[in-house]
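Trainee: Sequence and computational prediction follow.
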Amino acid sequence: MLEAAQLIKSGHSWPLLGFGQMDFGDQIQWNRDPLSGRVWPLDFYADIPMWHSDGSDIRVLWELNRLGHFLTLAKAYVVTGDEELAEEFFAQLESWRMQNPVARGPNWNCAMEVALRSMNLLAAFAIFRKSNSLSEERLRVFLAILDQHGVHIRRNLEFSHVVRGNHYLSDLAGLLWIGIMLPELQAAKAWREWALAELLREMDRQILTDGADYEASTGYHRLVLELYLYSFILCQANDIRIDQRYWSILHSMLSYTRALLRPDGFVPLIGDTDGGQVLPLVHHTGDDHAYLLPLGAVALDEPGFKLQQLPASEEVLWVFGGKGLRQYDALPAAAEKASSQAFPDAGTYVLRSEDLFLLFNVSGTGMEGRGAHGHNDALSIEVSACGQPFLVDPGLFVYTADLHERHLFRSTAYHSTIQVGAFEQSSISESSPFSMGTEAQPRVLDHELGIEHEYVAAEHTGYQRLPHPVTHRRTVTFFKLERYWLVEDELFGAGEQELVARFHFVPGLDVRPQTDGSVVAYDKVSGSQLVVYALDLQEVARTEARFSSRHYGHKSASIAVCWLLKTVLPRKLRWVLLPICNAEDPAERIRVVPR
């Protein structure tokens, strides 16, 4: 932390999303895209297009201008008392103000960005207000900046009578924070009261009854959870009452996050995840959500969120202080280990036991069919075993910096499911990166969670629009005692069709197709492996080059295996997924295959 703060102060260098450490020069250009070098104009904010075809990415520019690095300066100031850190904060803020006149340029283009910037500024200022560097003039300027931010948010709320999502929630949270933390402002009381009431109304609308955010994205579930968790904590600290019913919804959101944690402590990246954090007190990759559980444990006084393998996150110290750490330490650890759970509203089914974890994805487009962050991942699966992931969702790489890559990462061919020919499950277009059809319409037919074995059966209708309609049905059965899963794919229709069955492996594995139609994925470090055995095919599986992304802007080479066949429908295909932990020889094989 101290080294990072010094780099910010002396070198104007800090990490940004998954792009790593970036150098922003002696004179920071707040409107210069860090990727392409494009300098965005100071036109009227509503007239500025949000993407171009030059490798620029307004999402990355917005991340820079959320000013989250100010929190690193503030933390270091608490530890060292170094007034040069405070001077750097005020100097950079003045530089930002001069380069970003109100309502001009890309950094006023989106009210969500104005709101998240406001929250970071308020959190940093709560520390730097004690500095000797704070003059009367600097205080006046700071209040004016936040007043302008509040007015701009209120005038440009991202509200729609048709659909509302995390953007609107961010707008509301920003207004709430300004209203609570700067009561000196004329509109503070009105903003505070209206924004809180609206946030709670949206909680009823946007959070499903099983605790998941309704955008069909685990990444945006984290963002929305942060918005509510930090906002509820702020209200709690300022004696602002929130009805217990909404604390219960917050509890269910945290429970959903806990249920999705794989044995390695990370979550599957269903749908989009842009890596955004409300308060980046500590930078986390897009698949790292576990740090929110200790915060929730303290805020709700809930032992169920204190996992045995999960110490207090650094956020607990910065949000609650030493008292929060002591409260967390005093909580008894969760009495029960995570078990299999069904989230029918979210379309998420987790079949797990000990070190075995499978997520069956039966989610739709999200946002009541109007979502912008869903992928073509109906009936896809994620599998972890022996303490590590094997089959993974590829996540999200970038948005508008590369529309072709954006298209690939959300395509059917990038997910562990069945594809019919070259057709997408739901219609998507490379030129419309935030639009998706609703043809797939996945639904669960039956499920049972038990002691010895469990199963989920589901189907989707995405291929009904084909000249010769096809329905894909997938049943996943978990044999707990025998430690394997059986995946059964049924394709209903008539005539001959081309089918492609794919499994997408995590980067870093040694993936070897075998002559009998099976595939062995071997981890050289642990010696563990996952065998995917095709019970109804003898063809040797093919490998396809893929990528996986754990954080926005970063990707790693990975491999998918596929079986391609032309067959007359109806057709049934079965796969055994069998983990072998600590295998001495990567060529070790299944000797008795369940049939």
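Mentor: Arrived safely.

Trainee: alpha carbons only for contacts and neighbour counts from here, please
Mentor: Fine.

Trainee: Name all residues that make contact with residue 511.
Mentor: Going by CA atoms under 8 Å, 6 or more residues apart in numbering, residue 511 touches 519-522, 559.

Trainee: roughly how far apart are it and residue 408?
Mentor: As defined by CA to CA, to the nearest Å, residue 511 lies at a distance of 21 Å from residue 408.

Trainee: Likewise for residue 175?
Mentor: Per CA to CA, residue 175 is found 37 Å from residue 408.

Trainee: Those two - which one has more neighbours?
Mentor: A direct count of neighbours by other CA atoms under 10 Å for residue 175 and residue 408 places residue 175 higher, at 32 against 17.

Trainee: Show me what the host helix or strand of the more buried one is packed up against.
Mentor: In this assignment (DSSP states H and E), residue 175 forms part of helix 166-181. If you count contacts as 3 or more CA pairs under 8 Å, 6 or more residues apart in numbering; DSSP states H and E, helix 166-181 packs onto helix 111-128, helix 136-155, helix 188-206, helix 218-237.

Trainee: Out of the ones you listed, which one sits most buried?
Mentor: helix 111-128 (a mean of 23; mean count of other CA atoms under 10 Å).

Trainee: Contact partners for residue 17?
Mentor: When contacts are counted by CA under 8 Å, 6+ apart, residue 17 touches 60, 63, 275-276, 285, 551-553.

Trainee: swap that for residue 387, sorry
Mentor: For residue 387, the contact set (CA under 8 Å, 6+ apart) comprises 263-264, 355-356.

Trainee: next one: residue 352
Mentor: With CA under 8 Å, 6+ apart, residue 352 has these contacts: 338-340, 358.

Trainee: Can you give me the pLDDT of it?
Mentor: In this model, residue 352 is scored at 97, pLDDT.

Trainee: Report the secondary structure state of it.
Mentor: State at residue 352, reduced to three classes by DSSP: H, G, I helix; E, B strand; the rest coil: strand.

Trainee: Give the bridge partners for it, please.
Mentor: Here residue 352 sits in beta bridges with residue 357, going by DSSP bridges.

Trainee: coming back round to it: what about the contacts of residue 352, which are in strands?
Mentor: Using DSSP state E, the subset of the contacts of residue 352 located in strands is residue 358.

Trainee: would you turn the contacts of residue 352 into TSV with neighbour count and distance to residue 305?
Mentor: Shown next, in TSV, are the contacts of residue 352 (neighbours: other CA atoms under 10 Å; distance: CA to CA, whole Å):
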residue	neighbour count	distance to residue 305
338	18	11
339	13	14
340	19	16
358	25	21
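
Trainee: now the contacts of residue 352 as TSV including pLDDT and distance to residue 199?
Mentor: As requested, these are exported to TSV (pLDDT from 0 to 100; distance: CA to CA, whole Å):
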residue	pLDDT	distance to residue 199
338	87	30
339	92	32
340	96	31
358	98	34
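
Trainee: ok, the contacts of residue 352 vs residue 68, which is closest?
Mentor: Closest approach to residue 68 among these (CA to CA): residue 338, at 33.2 Å.

Trainee: element containing the nearest residue to that closest one once chain neighbours are set aside?
Mentor: For residue 338, ignoring the flanking residues on the chain, the nearest one in space by CA to CA, 6 or more residues apart in numbering is residue 259 at 6.4 Å. Applying DSSP H and E as the criterion places residue 259 in helix 244-260.

Trainee: Contacts for that helix next, please.
Mentor: Helix 244-260 is contacted from outside by 200, 203, 207, 210-213, 222, 225, 228-229, 267-268, 289-290, 292-293, 296, 300, 305, 338-339, 341, 350, using CA under 8 Å, 6+ apart.

Trainee: That one: what's the following helix or strand?
Mentor: The helix or strand immediately downstream of helix 244-260 is helix 292-300, counting by DSSP H and E.

Trainee: Restrict the next helix or strand after that next one to CA atoms and write it as PDB.
Mentor: Moving toward the C-terminus from helix 292-300, the next helix or strand (DSSP H and E) is helix 314-330. Extracted C-alpha coordinates of helix 314-330, given in PDB (Å, rounded to 0.1, in the frame of the first residue of the first chain):
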ATOM      1  CA  GLU A 314      -8.800  -5.600   4.700                       C
ATOM      2  CA  GLU A 315     -12.100  -3.800   3.900                       C
ATOM      3  CA  VAL A 316     -13.300  -4.700   7.400                       C
ATOM      4  CA  LEU A 317     -10.500  -2.600   9.000                       C
ATOM      5  CA  TRP A 318     -11.100   0.400   6.700                       C
ATOM      6  CA  VAL A 319     -14.800   0.400   7.000                       C
ATOM      7  CA  PHE A 320     -15.400  -0.600  10.600                       C
ATOM      8  CA  GLY A 321     -12.000   0.000  12.200                       C
ATOM      9  CA  GLY A 322     -10.400  -2.100  15.000                       C
ATOM     10  CA  LYS A 323     -13.800  -2.500  16.500                       C
ATOM     11  CA  GLY A 324     -15.000  -4.300  13.400                       C
ATOM     12  CA  LEU A 325     -12.000  -6.600  13.400                       C
ATOM     13  CA  ARG A 326     -12.700  -7.600  17.000                       C
ATOM     14  CA  GLN A 327     -16.400  -8.100  16.200                       C
ATOM     15  CA  TYR A 328     -15.400 -10.400  13.300                       C
ATOM     16  CA  ASP A 329     -12.900 -12.400  15.400                       C
ATOM     17  CA  ALA A 330     -15.600 -12.800  18.100                       C
END
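
Trainee: I'd like the average pLDDT over helix 314-330.
Mentor: Taken as a whole, helix 314-330 carries a mean pLDDT of 96.

Trainee: Please point out which parts of the strand ranked longest in the chain sit buried.
Mentor: For the chain, the strand with the greatest residue count under DSSP E is strand 554-580. Using 16 or more other CA atoms under 10 Å as the test for burial, strand 554-580 gives 554-555, 558-564, 569, 574-580.

Trainee: returning to that earlier point: let's have the contacts of residue 17 in TSV, adding pLDDT.
Mentor: Listed next are the contacts of residue 17 as TSV, based on pLDDT from 0 to 100:
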residue	pLDDT
60	95
63	97
275	93
276	94
285	96
551	96
552	96
553	95
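
Trainee: what residue ranges in this protein score low on pLDDT?
Mentor: 583-595 (pLDDT under 70).

Trainee: Farthest from the middle of it: give me that residue.
Mentor: No residue in the chain sits farther from the centre than residue 136, which is 40.9 Å out by CA atoms, centre = their mean.

Trainee: Please determine how far that one is located from residue 362.
Mentor: According to CA to CA, residue 136 and residue 362 sit 57 Å apart.

Trainee: Also residue 302?
Mentor: With CA to CA as the criterion, residue 302 and residue 362 are 30 Å apart.

Trainee: what residues are up against the closest residue to residue 475 other than its chain neighbours?
Mentor: Once flanking residues are discounted, residue 475 sits nearest to residue 457: 4.1 Å by CA to CA, 6+ apart. By CA under 8 Å, 6+ apart, the residues touching residue 457 are 444-447, 473-476.

Trainee: Check the secondary structure at residue 530 for me.
Mentor: Secondary structure, three-state DSSP: residue 530 is strand.

Trainee: hang on, isn't it packed against residue 582?
Mentor: No. Using CA atoms under 8 Å, residue 530 makes no contact with residue 582, being 11.0 Å away.

Trainee: List the buried residues in stretch 500-512.
Mentor: Across stretch 500-512, burial judged by 16+ other CA under 10 Å covers 500-509, 511-512.

Trainee: what sits opposite residue 454 in the beta ladder?
Mentor: Residues in a beta bridge with residue 454, per DSSP bridges, are residue 478.
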